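Undergrad: below is the sequence, then the predicted model.
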Amino acid sequence: MAYLVKQSHRAPAVTARVPVDESLPRACVIGAGSSGIAAAKHLYLAGVPFDCFEQGHDIGGTWVLDNSNGTSACYDTLEINTSCPRMAYSDFPMPPDYPPYARHDQVRAYFEQYVDHFGFRHTIAFGTTVEDVSRAADGRWDVRTSGPGGTTTRTYDAVLVANGHHWDARWPEPAYPGTFDGEQIHAHDYRTGEQLAGRDVVVVGAGNSAMDIAVEASTRARTTTWSVRRTEWVLRKFVLGRPSDQVALPGWLPWWVTAARLRIGATAAGSMTKYGLPAPSHKPGQSHPVQSERIRERLAAGAVRARPAIERLDGDRVVFVDGSSAPADLIVWATGYRVTFPFLDPALVSAEDNDLPLWKRTVHPDLPGLYFLGLVQAIGAVMPIAEAQSSWIAETLTGGYVPPSDEVVRDQMAADHRRNTRHFYSSPRHTMEVDFDHYLWDLERERKEGRARASS
């Protein structure tokens with residue numbers, strides 16, 4: 001059964017405080033974004049004692065425009081790239097009056113409603129930064145925080161890392177040669193079209209944010225140039241008037257079926273070569289999908305000019321590898337993000353080139369009690385995946401689930417890595433790739449096996 005059809009109605013609101021079972025392992029959740037609140041909700045309803053620490057004063061992470069935690073990449077025209085039914089938590093559908101692809105402010109409101117519906121807002125310590133997470137002498141985890149009450153260190157049996165992976169901006173390395181007289185910003189620091197108004201803008205990158213910013217620049221800037229080093233297959237958000245992702249596939253189907261669906265979608269959307277972009281050097285399904293309803297329109301109108309990769313910067317111009325150039329007084333680098341954990345010792349956990357092998361994208365086999373939530377690049381939405389991960393962890397901490405042997409865990413991790421290597425071209429953006437429906441199906445299968453182990 002595909003995940004989409006599982007959502008029918010909202011679970012009953014939680015109106016009374018859920019008692020805490022102090023005999024259970026104590027947990028810590030880092031972050032109150034979409035993954036952190038999923039974790040907090042499941043731990044709370046399971047009676048697990050826990051603390052949730054949020055650096056800012058807002059719920060919703062990157063979906064909050066100008067989030068007080070200072071790490072959000074949200075901009076004023078941002079909307080989801082997964083349709084509402086596919087993005088929502090399984091027991092809390094988005095409001096029926098939302099558009100097919102909700103705006104950032106609607107997503108933020110949805111997260112606020114989620115927290116209040118299940119009654120766990122009081123478990124979140126706002127304005128509290130996790131400074132350090134390290135192994136305690138007994139194998140548990142010491143977590144040092146700073147906040148309104150000063151600096152505090154507490155010891156936990158489990159730490160759930162939900163600090164997100166779209167906040168530590170990745171700039172071109174090495175930097176392009178030459179000098180530039182204008183302004184350079186990363187897409188992380190883009191907020192509004194006012195930053196583009198009247199400028200000669202060059203947007204660099206082929207992802208969703210790059211296309212959103214290029215489209216907005218085409219209505220605000222003096223000139224808009226879109227520089228693409230490697231062309232992607234750009235899908236449309238709608239097919240025959242319906243959100244294109246609402247044809248959900250059974251999770252047990254092999255990958256080639258998902259890849260075939262992406263190929264069909266890419267073919268139906270049409271080639272980007274007619275707009276001056278080179279043909280992609282990979283097949284549809286071999287990279288993370290990108291979507292846009294308006295980029296073709298703006299390219300066809302000449303409002304956005306497509307160019308290949310940058311060769312060098314030249315004062316008030318940008319020179320491209322085909323010898324062409326464009327005027328520029330603002331470069332927006334939509335060049336992605338690094339996966340980092342500032343509270344973890346890099347000698348303990350590091351994600352070089354964004355590669356952090358995890359079992360089921362959640363469990364670090366060498367560090368028992370340390371879990372990672374939402375650390376995926378999903379062909380689909382992250383929220384239901386983080387929800388499933390959170391439910392799984394809560395079940396583990398309450399004793400309802402027992403994992404397989406260490407040998408099995410490592411064998412599965414290796415097999416998943418080999419599969420990803422076959423499916424996607426080598427890139428930092430593909431180190432965490434998962435197929436939404438298959439991932440949820442596979443995790444539920446493992447949980448059933450783990451419940452059987454727990455009851456035997």
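TA: All right, it came through fine.
Undergrad: tell me where this structure has helices.
TA: Under the criterion DSSP state H, the chain contains helices at 34-46, 84-87, 104-118, 208-220, 255-269, 295-300, 383-397, 406-423, 436-455.
Undergrad: got JSON lines for those helices, with mean pLDDT and distance to residue 353 too?
TA: C-beta: built from backbone N, CA, C; applies to glycine. Listed next are those as JSON lines, based on pLDDT from 0 to 100; distance: least, CB to CB, whole Å:
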{"stretch": "helix 34-46", "mean pLDDT": "98", "distance to residue 353": "22"}
{"stretch": "helix 84-87", "mean pLDDT": "94", "distance to residue 353": "28"}
{"stretch": "helix 104-118", "mean pLDDT": "98", "distance to residue 353": "29"}
{"stretch": "helix 208-220", "mean pLDDT": "97", "distance to residue 353": "20"}
{"stretch": "helix 255-269", "mean pLDDT": "63", "distance to residue 353": "23"}
{"stretch": "helix 295-300", "mean pLDDT": "95", "distance to residue 353": "28"}
{"stretch": "helix 383-397", "mean pLDDT": "98", "distance to residue 353": "22"}
{"stretch": "helix 406-423", "mean pLDDT": "86", "distance to residue 353": "13"}
{"stretch": "helix 436-455", "mean pLDDT": "94", "distance to residue 353": "22"}
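Undergrad: relative to residue 13, which of those helices is closest?
TA: helix 104-118 (5.1 Å; CB to CB).
Undergrad: run the chain-centre distance for that closest one.
TA: Computed by CA atoms, centre = their mean, to the nearest Å, the separation of helix 104-118 from the middle of its chain amounts to 17 Å.
Undergrad: that one packs against which elements?
TA: Applying 3 or more CB pairs under 8 Å, 6 or more residues apart in numbering; DSSP states H and E, one finds that helix 104-118 contacts helix 34-46.
Undergrad: can you add mean neighbour count and distance to residue 126 and give the helices of the chain back as TSV?
TA: Listed next are the helices of the chain as TSV, based on neighbours: other CB atoms under 10 Å; distance: least, CB to CB, whole Å:
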stretch	mean neighbour count	distance to residue 126
helix 34-46	27	12
helix 84-87	22	24
helix 104-118	19	12
helix 208-220	23	27
helix 255-269	16	39
helix 295-300	18	38
helix 383-397	25	20
helix 406-423	13	35
helix 436-455	17	30
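Undergrad: may I see the ones you listed organised as TSV, with distance to residue 316 added?
TA: Shown next, in TSV, are the helices of the chain (distance: least, CB to CB, whole Å):
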stretch	distance to residue 316
helix 34-46	41
helix 84-87	42
helix 104-118	33
helix 208-220	17
helix 255-269	35
helix 295-300	24
helix 383-397	43
helix 406-423	42
helix 436-455	44
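Undergrad: may I have stretch 172-190 as PDB, with CA atoms only?
TA: Provided in PDB are the C-alpha atoms of stretch 172-190 (Å, rounded to 0.1, in the frame of the first residue of the first chain):
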ATOM      1  CA  PRO A 172      32.100  26.900  -4.600                       C
ATOM      2  CA  GLU A 173      35.400  25.200  -3.600                       C
ATOM      3  CA  PRO A 174      37.800  26.300  -4.900                       C
ATOM      4  CA  ALA A 175      36.500  29.700  -5.600                       C
ATOM      5  CA  TYR A 176      36.300  30.700  -9.200                       C
ATOM      6  CA  PRO A 177      39.300  32.700 -10.500                       C
ATOM      7  CA  GLY A 178      39.200  36.400 -11.100                       C
ATOM      8  CA  THR A 179      37.700  39.300  -9.200                       C
ATOM      9  CA  PHE A 180      34.200  40.500  -8.900                       C
ATOM     10  CA  ASP A 181      33.100  44.100  -8.200                       C
ATOM     11  CA  GLY A 182      29.500  43.300  -7.100                       C
ATOM     12  CA  GLU A 183      27.800  41.500  -4.300                       C
ATOM     13  CA  GLN A 184      27.800  37.800  -3.700                       C
ATOM     14  CA  ILE A 185      25.300  35.900  -1.500                       C
ATOM     15  CA  HIS A 186      24.400  32.300  -1.000                       C
ATOM     16  CA  ALA A 187      20.800  31.200  -1.600                       C
ATOM     17  CA  HIS A 188      20.600  30.600   2.100                       C
ATOM     18  CA  ASP A 189      20.700  34.400   2.600                       C
ATOM     19  CA  TYR A 190      18.100  35.200   0.000                       C
END
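Undergrad: buried residues in that stretch, which are they?
TA: 180, 182, 184, 186-188, 190 (16 or more other CB atoms under 10 Å).
Undergrad: which of those fall in strands?
TA: Mapping the buried residues of stretch 172-190 onto strands (DSSP state E) picks out 180, 184, 186.
Undergrad: pipe those into JSON lines and attach pLDDT per row.
TA: Conversion of those to JSON lines gives the following (pLDDT from 0 to 100):
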{"residue": "180", "pLDDT": "98"}
{"residue": "184", "pLDDT": "98"}
{"residue": "186", "pLDDT": "98"}
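Undergrad: ok, of those, which one's closest to residue 145?
TA: Out of these, the member with the shortest distance to residue 145 (by CB to CB) is residue 186, at 28.0 Å.
Undergrad: so the closest one bridges to which residues?
TA: residue 333 (DSSP bridges).
Undergrad: report the contact partners of residue 446.
TA: Counting by CB atoms under 8 Å, 6 or more residues apart in numbering, residue 446 touches residue 360.
Undergrad: measure it to residue 328 for me?
TA: Taking CB to CB, to the nearest Å as the measure, residue 446 falls 50 Å from residue 328.
Undergrad: domain ranges for this protein?
TA: Following automatic domain parsing, one gets these domains for the chain: 3-167+337-455, 171-333.
Undergrad: which one of these has the poorest average confidence?
TA: Mean pLDDT is lowest for domain 171-333 among the domains of the chain, at a mean of 88.
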